[in-house]
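Novice: fold the stuff below for me.
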Amino acid sequence: MAHTLRRLQRSDPMVQGSFYLLRRKCGKPNCRCARGQLHATYVLTRSEQGKDRLYTVPKDQRARLRQQAAEYRRYQRARAVLTKRHLKLLDLVDRMAQQRLLVWPEKKAKPHA
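Specialist: This next block holds a predicted model:
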């Protein structure tokens, strides 16, 4: 638990999204990509207002952005662990409370006729 909390308390800057190398064809029939040599571009992708957005990352910003996106992934994983543990703890507390609950007013047994 302490490890998870330390991850959440880090102060390193982070950027939301996934950083990766995108390879694709441009669509021109005589281009080298039509023969298998795909165009490569580093991108950052993330969801904004329900839509996936893709941003081209300039060469001079790649190293920094790669680290910041990785820091965001570490944060998200630590947050997910904390959430899972929190839900387990709440379940345990609820079960403990359920064992202590009394029914009131007590139901009276019906007399036999």
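Novice: for C26, phi and psi?
Specialist: Note on C26: its backbone torsions stand at phi -90, psi -20 [degrees, to the nearest 10].
Novice: list the buried residues of stretch 78-96.
Specialist: Buried residues in stretch 78-96, defined by neighbour count with 16 or more other C-beta atoms under 10 Å: 78, 81. C-betas here are computed from N, CA, C, even on glycine.
Novice: partners of the longest strand anywhere in the chain in the sheet?
Specialist: Longest strand in the chain, counting residues (DSSP state E): strand 39-48. Using DSSP bridges, strand 39-48 pairs in its sheet with strand 18-24 (antiparallel), strand 51-56 (antiparallel).
Novice: so what touches the longest one?
Specialist: In this case it means strand 18-24. 33, 38-46, 54, 57, 62, 65-66, 69-70, 73 (C-beta atoms under 8 Å, 6 or more residues apart in numbering).
Novice: what residues sit buried inside that strand?
Specialist: Buried residues in strand 18-24, counted by 16+ other C-beta under 10 Å: F19.
Novice: just the CA trace of the helix or strand of the chain with the lowest mean pLDDT, in CSV.
Specialist: Least confident helix or strand, the chain: helix 2-9 with a mean of 82, by mean pLDDT, DSSP states H and E. Output of helix 2-9 as CSV, limited to C-alpha atoms (Å, rounded to 0.1, in the frame of the first residue of the first chain):
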residue,chain,number,x,y,z
ALA,A,2,2.9,2.4,0.8
HIS,A,3,4.4,1.8,-2.6
THR,A,4,1.0,2.7,-4.3
LEU,A,5,0.7,5.9,-2.2
ARG,A,6,4.2,6.9,-3.1
ARG,A,7,3.4,6.5,-6.8
LEU,A,8,0.4,8.8,-6.4
GLN,A,9,2.4,11.4,-4.5
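Novice: can you give me how far that helix is from the chain middle?
Specialist: Distance, stretch centre to chain centre, for helix 2-9: 16 Å (C-alpha atoms, centre = their mean, to the nearest Å).
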